[in-house]
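>>> heads up, no residue letters with this:
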């Protein structure tokens, strides 16, 4: 199994990703729209620190890994 696929499988089997795994199994994710949203670049430059921060936020948001005040 290629490294990226093995890493994806390991992450999806992690308990912290259970809500995403459940959504995948229930076919609730629009993968085409999700891909377009993550790839969307609101900046003029194809690469930048700001774009990296925007994409990082999107991935953390999509995977429920944004920091919260919950304890």
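Okay, I see it. Everything numeric in this text was worked out from a predicted model, so none of it was measured.
>>> look through this protein and tell me its longest helix.
helix 49-62 (DSSP state H).
>>> can you list contacts of stretch 58-71?
Stretch 58-71 has contacts (C-beta atoms under 8 Å, 6 or more residues apart in numbering) with 16-17, 19-20, 34, 37-38, 57. Using the backbone N, CA and C atoms, a C-beta is placed for each residue, glycine as well.
>>> for the longest helix of the chain, the averaged confidence score.
If you average the pLDDT over helix 49-62, you get 91.
>>> still on that earlier bit, restricted to buried residues, select the contacts of stretch 58-71 in ChimeraX.
In ChimeraX, this line selects whichever of these come out buried by 16 or more other C-beta atoms under 10 Å:
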select :17,20
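>>> farthest-separated two in the contacts of stretch 58-71?
Among the contacts of stretch 58-71, the pair separated by the greatest distance (C-beta to C-beta) is 16 and 37, at 21.4 Å.
>>> spatially central, which residue of this structure would that be?
Note on the chain: the residue nearest the mean C-alpha position is residue 59, at 3.3 Å, using C-alpha atoms, centre = their mean.
>>> and that one, how far is that from residue 5?
18 Å (C-beta to C-beta, to the nearest Å).
>>> could you pull out the helices in this protein for me?
Along the chain, the stretches classed as helices by DSSP H are 3-12, 18-25, 31-39, 49-62.
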